[in-house]
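> How does the following fold in three dimensions:
(one chain, ligands or ions: 1)
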Amino acid sequence: MDVSTAVEQRMSVRAFTDQQVELDVILEVLEKASRAPSGGNLQPWRVKVLHGDKMEEFRALMRQRLAGVRHPDGDRPEYSVYPPKLKEPYRSSRFEVGEEMYALLGISRDEKPKRLEWFAKNYQFFDAPAGLFCFVDHIMGPPQWADLGMFLQTIMLLFQEQGIDSCAQECWVTYPDTVEEFCNTPPEWMLFCGMAIGYKDQSHPTSQLRTKRLAPEDWLEVL
Ligand SMILES: Cc1cc2nc3c(=O)[nH]c(=O)nc-3n(C[C@H](O)[C@H](O)[C@H](O)COP(=O)(O)O)c2cc1C
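Predicted structure coming up:
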């Protein structure tokens, strides 16, 4: 598979088959992805992989969280995923992708409990057979966070090459204490995001979601 095809075919997958992803394949992809560039070659990414029994153990813990059993430290988010009062055109983009997904699921705007129930699947890694968490040292700032993005996209494209699907997940910002304790991370690390890893369930409605992009004239100009 060439890079253009991987870029074109990659999509955020939120429904997976039971097929396992070999741990060796995941580790090989991660090692290859570490060729991603980073300012000053800091390579600020730190990763923990969940697979097999460990993944099931974590999912069981998260079911407790979702049932209301809180982490003693409170799981206070360490960063805001979006700016408060998101302005246009960002606001509409965010709204549209949500509406498109819920339309595919047949969940209308007034069915709040069903929407929440669907969103909660994030916290089971959408039942993917594997997942990862990406951390960064607290001292790092926006340039290093941008490096994490390059690293994560490289991972997702390399997974595509292997026929493996993924979904980056910032939603985990809601459970930093739970994730960091489970992953036994050093105190200086903070959680950036998670990623679900597995094989797309083609029969699931959300697997048909083809997200829109702005037209080049809305973000691109040749001077
Ligand atoms: C850093 C990052 C975090 C994301 N967090 C979530 C998430 O928590 N839950 C989710 O369902 N999708 C999440 N997404 C997926 C985006 O919604 C998705 O990339 C976007 O709508 C474009 O769709 P596409 O990936 O299918 O092209 C995230 C994507 C990125 C890059």
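
> Surely His166 forms part of a strand?
Rather than His, residue 166 is Ser. Yes. Ser166: assigned to a strand according to DSSP: H, G, I helix; E, B strand; the rest coil.

> what does the model give it for pLDDT?
We note a pLDDT of 98 for Ser166 in this prediction.

> hang on, it packs against Val13?
Yes. In this structure, Ser166 is within contact of Val13 by Cβ atoms under 8 Å, at 6.6 Å. (C-beta placed from N, C-alpha, C; glycine too.)

> Give the residues shared as contacts by those two.
Jointly contacting Ser166 and Val13 under the rule Cβ atoms under 8 Å, 6 or more residues apart in numbering are Ala196, Gly198.

> okay, those two: which has more neighbours?
Between Ser166 and Val13, Ser166 has the larger neighbour count (other Cβ atoms under 10 Å), namely 28 against 24.

> what does the protein put close to the ligand?
Proximity of the chain to the ligand (Cβ under 6 Å from any ligand atom) is limited to residues Met11, Ser12, Arg14, Val97, Asn122, Cys167, Ala168, Gln169, Glu170, Cys171, Cys193, Thr211.

> and the residues you listed, which of them are in strands?
With strands defined by DSSP state E, the entries of the residues of the chain next to the ligand inside them are Cys167, Ala168, Gln169, Cys193.

> tell me the mean pLDDT over stretch 127-136?
pLDDT averaged over stretch 127-136 gives 98.
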